[in-house]
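K.L.:
What follows is a predicted protein model with its sequence.
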Amino acid sequence: MSSSMAVFDRTLLSKSMLIALCLLVFSFYPFITVLLLSALLSIYSARENDAKWVYGIFVTCFLLVVGAYISLKTGAPDDGNDKLQYLLYVDSFRNNGFVELLLNHPEVVSFGLLYLLSFVSNDNLVFLIYFLLAFSVLYKSFERFLYLFPLFMLIFASTTFFLNLYGNLIRQSLAFSFLLFFVIAAQGRFKYCSYVLAVFSHFSTLVFFPIVFAMKREGILSLKFSLALLCSAFLLSPLITQVFIAFADSSIDIVSNKSDIYTEWDYSSSVSPIRVFLLTVIILVFSRYIPNAYSMKRNVELSMLYVRLYNVLIVMAAVLFLFLSLDKVFERLFFNYYIIWMVFVVCCMFVFLKINMRVICFCLLSFVLMFLVGLRFVNADWFYENNASAILFDNIFEVYFGVFQ
């Protein structure tokens, strides 16, 4: 009994010392600490380790630093910066009642949350809390697969989508978090609630309604059916374009107020996402040829997640093919597919790679991605009060002095 207590005491002491060390380093160099933790935790997770307290430390540090960084984005008037529009929303909510809000903005979940947060006088704090809530839902999605989260987070943060989603497409960030929760974690009789919350956070999520049927299927979609579905959607794209343009010219005020956003768009700016989309679809389809008997014997739950993600992505890809000619619409929908595709890629690495090979791959990827994330954040326009590079060496007190000033 005494020996077991001694082991317990040593374990508790080692955990306490590790937490204390992380907090000490974090207080002086919060951003660099988060980058290092993300890389080390990715390597740690390669063996499917799921110690919740370890991931909890990382996510807490991540939220504190990145939340402040995003909340300090300037509201500079620019075509690529929606922050000013959201600042105007918050000011409007402070002067008008909730009924007025519902009449103009029926997406009651995201706008309702902004309305509640408008009672906070500090605008930076409003967007910090919004980010914390949206990202917490996203993290909750990985509760049963925590070991997928660190590498996914590194891949996600190294792309343009992360800062664009949480710093620009603010309502869609909440909608996507609920959508991802529905795809990965929702279960029980209330599992569809998360999808409803996603729709009423941003109505664009409604176009992905067919994934509800994909979620009900237990087995993986056959290759022939997958290709037939994608080809059919591509052929129907011109018809959907005509229907959508007719709908955009509707006399309904809510529709007509937003129609220009989705119909007046320069095609050249959307060429790159379309190319990336086609490449991801090819990789998705070819993943069906990779034998996964190794994983099926080891981790049935993870293999089931692989099947679910494949089915969902095939259906989402078919939806995107329908809107391929509507460039602005495609771009607004594409990030939902692409981020879930990133989860799928990480899941495939756990499904198809044996542990030793996985550790080697994660070691190589983690530090490269860590460097790319650092570059992405340091060189971002408008973020951290237009002084993004300062996040590298500011301590945690300097970071939050900017938030509360």
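P.N.:
In hand now; what should we look at?
K.L.:
pLDDT of whichever strand or helix holds Cys361, averaged?
P.N.:
Assigned by DSSP states H and E, Cys361 falls within helix 355-378. Confidence over helix 355-378 (mean pLDDT, whole number) is 92.
K.L.:
contacts for the helix or strand just after it?
P.N.:
Going down the chain from helix 355-378, the next helix or strand is helix 383-386, by DSSP H and E. Applying CB atoms under 8 Å, 6 or more residues apart in numbering, the set of residues contacting helix 383-386 from outside is 69-70, 72-74, 76, 163, 167, 377, 390-391, 402. In short, each C-beta sits where N, CA and C put it, glycine included.
K.L.:
Can you give me the distance of Ile155 to Leu364?
P.N.:
In this view, Ile155 and Leu364 are 13 Å apart by CB to CB, to the nearest Å.
K.L.:
More neighbours: the two, which one.
P.N.:
More crowded of Ile155 and Leu364, by other CB atoms under 10 Å: Ile155, with 20 against 11.
K.L.:
which non-adjacent residue is nearest the more buried one?
P.N.:
Distance criterion CB to CB, 6 or more residues apart in numbering; nearest residue to Ile155, sequence neighbours excluded, is Met342 at 5.1 Å.
K.L.:
Which pLDDT value belongs to the one you found?
P.N.:
Value for Met342, per-residue pLDDT: 96.
K.L.:
by contact count, what packs against the helix or strand that it is a member of?
P.N.:
Applying DSSP H and E as the criterion places Met342 in helix 327-352. Other elements packing on helix 327-352 under the criterion 3 or more CB pairs under 8 Å, 6 or more residues apart in numbering; DSSP states H and E are helix 149-157, helix 160-167, helix 170-184, helix 253-263, helix 271-286, helix 293-298, helix 300-322, helix 355-378.
K.L.:
For the strand or helix carrying Phe31, C-alpha coordinates in PDB please.
P.N.:
Counting by DSSP H and E, the element that carries Phe31 is helix 30-45. As requested, C-alpha coordinates have been extracted for helix 30-45 and formatted as PDB (Å, rounded to 0.1, in the frame of the first residue of the first chain):
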ATOM      1  CA  PRO A  30       3.700  32.500 -24.600                       C
ATOM      2  CA  PHE A  31       3.700  32.200 -28.400                       C
ATOM      3  CA  ILE A  32       7.000  30.300 -28.800                       C
ATOM      4  CA  THR A  33       5.900  28.000 -25.900                       C
ATOM      5  CA  VAL A  34       2.600  27.200 -27.700                       C
ATOM      6  CA  LEU A  35       4.500  26.500 -31.000                       C
ATOM      7  CA  LEU A  36       6.900  24.100 -29.200                       C
ATOM      8  CA  LEU A  37       4.100  22.400 -27.200                       C
ATOM      9  CA  SER A  38       2.100  21.800 -30.400                       C
ATOM     10  CA  ALA A  39       5.100  20.100 -32.100                       C
ATOM     11  CA  LEU A  40       6.000  18.000 -29.000                       C
ATOM     12  CA  LEU A  41       2.400  17.100 -28.400                       C
ATOM     13  CA  SER A  42       2.000  15.900 -32.000                       C
ATOM     14  CA  ILE A  43       5.000  13.600 -31.500                       C
ATOM     15  CA  TYR A  44       3.600  12.400 -28.200                       C
ATOM     16  CA  SER A  45       0.200  11.700 -29.800                       C
END
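K.L.:
roughly how far out does it sit from the chain middle?
P.N.:
Centroid separation for helix 30-45 versus its chain: 18 Å, with CA atoms, centre = their mean, to the nearest Å.
K.L.:
what's the angle between it and helix 355-378?
P.N.:
160 degrees (axes from the mean of the first three to the mean of the last three CA atoms, to 10 degrees).
K.L.:
How about residues contacting the following helix or strand past helix 30-45?
P.N.:
Sequence order places helix 52-71 as the next helix or strand after helix 30-45, per DSSP H and E. By CB under 8 Å, 6+ apart, the surrounding residues in contact with helix 52-71 are 15, 19, 22, 26, 30-31, 33-34, 37-38, 41, 44, 124-128, 131-132, 135-136, 139, 146, 149-150, 153, 157, 163, 166-167, 377, 383-384, 388, 391, 396, 399-400, 402-403.
K.L.:
Is it possible to mark the buried ones in these?
P.N.:
Among the contacts of helix 52-71, those classed as buried by 16 or more other CB atoms under 10 Å are 22, 26, 30-31, 33-34, 37-38, 41, 44, 124, 126-128, 131, 135, 139, 146, 149-150, 153, 157, 163, 166-167, 377, 383-384, 388, 391, 396, 399-400, 402-403.
K.L.:
quick revisit: now do the helix holding Met342 and helix 160-167, the angle between them.
P.N.:
Here helix 327-352 runs at an angle of 120 degrees relative to helix 160-167 (the same axes, to 10 degrees).
K.L.:
buried sites along helix 327-352?
P.N.:
Applying a neighbour-count criterion of 16+ other CB under 10 Å, the buried positions in helix 327-352 are 327-352.
K.L.:
go on, stretch 196-208?
P.N.:
Of the residues in stretch 196-208, those scored as buried under the neighbour-count criterion (16+ other CB under 10 Å) are 197-202, 204-205, 207-208.
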